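Student: Below is the sequence, then the predicted model.
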Amino acid sequence: MDDNNELSASVVRNLDVVEAATRHLVAVEERLLSVIMAYLDSECSDIGWRLAGRDVDADNSGFDDNSFFPPSWASEDDGEGADFLFEICAEGPACGDLNWITCLTRAMGNDGETVIQANFQNFLGKTKNKKFLARPDIRDAISALKFENSGVEVQRRFVIDRELLAKAFDDDDGEDINAGFREALAPLGSEVREIARQFKGWDALRVKAVSFANE
């Protein structure tokens, strides 16, 4: 019997638990993404940055459209958006088939995880973005900022501790962000604050991208 046979047998034997957990997972994820957007809003407010996408009436509180950026990067036409921005994305060969909570906690390992991406492609377009990220000076600057450069995407990985998150849900009242959630989400907050601390380096990259776009 291989692992899949064992898993299939276990699912059949525990169908009541599997069904209940599958149905409830949707509610758990919606609550978590709502908490994350509220947490990001608080963090961005503390550092004087803007969070775009949050909508308490939207699916997942607007998490799927999340982005954050300093006010000086805001688009002149739309102060709620920016040509250059940071956003939380899912990454991995199976991430499209996994839930956000699974990727955020890296429960399935490399199959799905979450990253903060620095998005230059919105402004440069796909072709120019690749050329820009291939430049030695740009590669060195991104490396100095402790982000990965795949030649297509610029990103930094983070993970939320699953046990800390479970404890936060133990004490959740469904309304406020409790201390447990803040502890579990601290790695995300640290990443956001570190990006803000390195603003001069990121802004220098933005200026070079604008210049490159106009060549």
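Tutor: Yep, it's here. Numbers count the residues shown, from 1 in each chain.
Student: Return the list of helices and strands in contact with the biggest helix by length in the chain.
Tutor: Assignment by DSSP state H gives helix 15-47 as the longest helix of the chain. With contacts defined as 3 or more CB pairs under 8 Å, 6 or more residues apart in numbering; DSSP states H and E, the packing partners of helix 15-47 are strand 50-52, helix 100-104, helix 162-170, helix 179-184, helix 186-197. The C-beta positions use only the backbone N, C-alpha and C, and glycine is treated the same way.
Student: Now do it against helix 186-197, angle only.
Tutor: Orientation check (axes from the mean of the first three to the mean of the last three CA atoms, to 10 degrees): helix 15-47 against helix 186-197 gives 30 degrees.
Student: Now the residue nearest to the spatial centre of the chain: which helix or strand?
Tutor: Central residue of the chain (CA atoms, centre = their mean): Ile88, 1.9 Å from the mean position. Assigned by DSSP states H and E, Ile88 falls within strand 85-91.
Student: what's the burial count for the closest residue to Gly48 other than its chain neighbours?
Tutor: Nearest residue to Gly48, sequence neighbours excluded (CB to CB, 6 or more residues apart in numbering): Pro71, at 7.0 Å. Counted with other CB atoms under 10 Å, residues neighbouring Pro71 total 10.
Student: thought Pro71 was touching Arg50?
Tutor: Yes: contact criterion CB atoms under 8 Å: Pro71 and Arg50 qualify, at 6.0 Å.
Student: residues bridging contact with these two, i.e. touching both?
Tutor: With contacts taken as CB atoms under 8 Å, 6 or more residues apart in numbering, Pro71 and Arg50 have no neighbour in common.
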